[in-house]
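Student: Kindly generate the corresponding structure for this input.
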Amino acid sequence: MALILGLPKGSLQEATFNMMKKAGFNVSASSRSYVPRVDDPELTCRLIRPQEISRYVELGLLDAGITGYDWIYENGSDIVEICEMCYSKATSNPVRWVLAVPNDSPIKSVKDLEGKRIATEAIGLTKRYLDQHNVTAEIEFSWGATEVKAPELVDAIVELTETGSSLRANNLRIVETILTSTTRLIANKKAWEDPEKKAKIEQFSMLLQGALAAESRVLLKLNVPADKLETITSILPSLHAPTINKLNDDNWFAIETVIEEKVVRDIVPPLRAAGAEGIIEIPLNKVIF
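Tutor: Okay, the predicted model is just below:
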């Protein structure tokens with residue numbers, strides 16, 4: 001049994017390969033290849049544009065795939081959603097499809113789009129958005145460089161943004177957020193009913209989520225005098241409770257705990273002040289809850 005997995009080609013490709021490596025799957029592909037190599041005989045991968053992955057999963061041409069919720073919504077794909085994975089090209093934040101117009105445009109809301117021309121790659125998403133607000137406008141498919149089309153070619157655009165920097169660089173302002181999207185692992189319904197394929201997809205999902213959970217966490221190790229143990233453990237956050245082991249010297253203990261990386265700089269100084277020594281911060285590859 002080999003699970004056929006669709007991986008997103010393009011802007012999300014490198015981030016996906018890095019995540020899979022942390023999860024224990026080494027994936028590599030040349031710049032022109034659509035069939036990446038993976039060091040797991042139970043996986044066969046295909047590099048496909050994320051816009052198309054949910055359609056191929058629904059049709060059963062792929063058993064599973066990684067794509068954005070936005071493209072599942074755009075395609076109206078009937079698939080099984082396995083898990084949400086909060087990662088994208090530049091950050092771990094969700095991406096947004098937004099309505100944007102030139103800074104000096106009189107358009108202030110969706111109602112002002114009546115009779116206007118809009119460029120976007122997400123035709124279905126934009127049409128549903130206009131229908132929800134009873135607005136009639138001309139929607140044209142954009143093959144790329146959508147930001148530069150307003151105001152000379154169109155009145156507004158519906159575009160994907162992560163940080164908003166490209167919109168600002170092209171003198172555009174966001175009018176409204178239409179859809180917020182995160183990356184999802186999805187499966188074909190028939191593949192999900194196959195016990196072997198389902199087991200493989202669930203294993204893959206667990207490892208991917210473990211890799212993502214580890215990105216924001218570290219292992220903190222420290223040595224603590226016995227008479228300071230209670231004080232120091234009261235300072236330390238942990239997933240459940242810190243691991244505490246007695247050292248050869250009965251007057252000292254070793255503590256290990258997994259914590260959010262962002263709090264390390266705030267708690268290390270009080271830990272040191274309370275008597276902790278040998279404080280070590282270690283990055284993690286996976287945290288399985």
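
Student: Domain map for the protein?
Tutor: Split into domains by automatic domain parsing, the chain comes to 3-91+182-214, 95-180, 217-283.

Student: Just tell me which of the ones you listed ends up closest to F289.
Tutor: domain 3-91+182-214 (6.8 Å; C-beta to C-beta). In short, each C-beta sits where N, CA and C put it, glycine included.

Student: Could you check how far the closest one is from the centre of its chain?
Tutor: Put simply, domain 3-91+182-214 sits 12 Å off its chain's centre (C-alpha atoms, centre = their mean, to the nearest Å).

Student: Start and end of that domain, how far apart?
Tutor: By C-alpha to C-alpha, to the nearest Å, the extent of domain 3-91+182-214 from end to end equals 25 Å.

Student: What segments of the stretch 1-150 of the chain are strands?
Tutor: Secondary structure of the stretch 1-150 of the chain (DSSP state E, counting those that start in this stretch): strands at 3-8, 27-28, 37-38, 43-48, 64-68, 80-85, 95-102, 117-120, 138-141.

Student: Out of these, which is closest to I244?
Tutor: strand 80-85 (33.0 Å).

Student: can I get the domains of the chain in JSON lines with mean pLDDT, distance to F289 and mean neighbour count?
Tutor: Below are these laid out as JSON lines (pLDDT from 0 to 100; distance: least, C-beta to C-beta, whole Å; neighbours: other C-beta atoms under 10 Å):
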{"stretch": "domain 3-91+182-214", "mean pLDDT": "93", "distance to F289": "7", "mean neighbour count": "18"}
{"stretch": "domain 95-180", "mean pLDDT": "94", "distance to F289": "24", "mean neighbour count": "17"}
{"stretch": "domain 217-283", "mean pLDDT": "94", "distance to F289": "8", "mean neighbour count": "14"}
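
Student: Nearest to I279, out of the strands of the stretch 1-150 of the chain?
Tutor: strand 80-85 (31.7 Å).

Student: Counting by contacts, list what that closest one packs against.
Tutor: Here strand 80-85 touches strand 183-187, helix 195-214, going by 3 or more C-beta pairs under 8 Å, 6 or more residues apart in numbering; DSSP states H and E.

Student: from what I can see V80 touches E193, true?
Tutor: No. Using C-beta atoms under 8 Å, V80 makes no contact with E193, being 9.3 Å away.

Student: pretty sure I244 belongs to a strand, no?
Tutor: Yes. I244 sits within a strand when classified using DSSP: H, G, I helix; E, B strand; the rest coil.

Student: That one against I232, yeah?
Tutor: No. Assessed by C-beta under 8 Å, I244 is found out of contact with I232, at 9.9 Å.

Student: Quickly list what's touching both of these two.
Tutor: I255 (C-beta atoms under 8 Å, 6 or more residues apart in numbering).

Student: which residues in this protein form helices?
Tutor: In the chain, the helices defined using DSSP state H lie at 13-23, 50-59, 69-75, 123-132, 165-169, 189-193, 195-214, 229-235, 264-273.

Student: Mind listing residues that contact the second one?
Tutor: Translated: helix 50-59. Residues contacting helix 50-59 (C-beta under 8 Å, 6+ apart): 6, 8-10, 12, 48, 62-68, 71-72, 74-75, 77-79, 121, 186-188.

Student: Nearest to the spatial middle of the protein, which residue is it?
Tutor: In the chain, the centroid-proximal residue (C-alpha atoms, centre = their mean) is Y87; its distance is 1.9 Å.

Student: Assess the claim that that one and F17 are in contact.
Tutor: No. Y87 is not in contact with F17 according to C-beta under 8 Å; the separation is 11.7 Å.
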